[in-house]
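K.L.:
pasted the sequence and its predicted model underneath.
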Amino acid sequence: MRSVLEGLSVPSADYYLKQAEIASRLALAEPDPEKARAMHVLALELFDKAARTQPSPPAEPTMPPDIIQRQ
């Protein structure tokens, strides 16, 4: 039996950023303050997801102190 989620991938940071931008623009265009506030919250949540989805930069390799390097 095949899984329902088989073949689905995790959205990228770019996907979340585009969705957040759309939500923020919709919030600015919404005349109802309650709906605008909800769209702003959604945009912030999507920006947060984008930040958490982006890979962290690789750590700098460190050399053990007992290795002598050439000059």
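P.N.:
Structure received.
K.L.:
rest of the way, CA atoms for contacts and neighbours
P.N.:
Fine.
K.L.:
how much space separates residue 46 from residue 23?
P.N.:
Counting by Cα to Cα, to the nearest Å, the gap from residue 46 to residue 23 is 9 Å.
K.L.:
likewise for residue 38?
P.N.:
Per Cα to Cα, residue 38 is found 9 Å from residue 23.
K.L.:
more neighbours: which of the two?
P.N.:
Taking residue 38 and residue 23 together and counting by other Cα atoms under 10 Å, residue 23 has the greater number of neighbours (21 against 14).
K.L.:
what does the model give the more buried one for pLDDT?
P.N.:
In this prediction, residue 23 carries a pLDDT score of 95.
K.L.:
how about the longest helix along the chain: buried residues?
P.N.:
Longest helix in the chain, counting residues (DSSP state H): helix 33-53. Residues 36, 39-44, 46-47, 49-50 are the ones in helix 33-53 that count as buried (16 or more other Cα atoms under 10 Å).
K.L.:
which strands and helices sit next to it?
P.N.:
Helix 33-53 is packed against helix 13-29, with contacts defined by 3 or more Cα pairs under 8 Å, 6 or more residues apart in numbering; DSSP states H and E.
K.L.:
what about residue 32, neighbour count?
P.N.:
9.
K.L.:
residues contacting it?
P.N.:
Applying Cα atoms under 8 Å, 6 or more residues apart in numbering to residue 32 gives no contacts.
K.L.:
ramachandran angles for it?
P.N.:
With angles defined as degrees, to the nearest 10, residue 32 sits at phi -80, psi 120.
K.L.:
what does the longest helix of the chain rub up against?
P.N.:
Defining contact as Cα under 8 Å, 6+ apart, one finds that helix 33-53 is touched by 12-17, 19-24, 26-30.
K.L.:
try it again at 7 Å.
P.N.:
12-13, 16-17, 19-21, 23-24, 26-28, 30 (Cα atoms under 7 Å, 6 or more residues apart in numbering).
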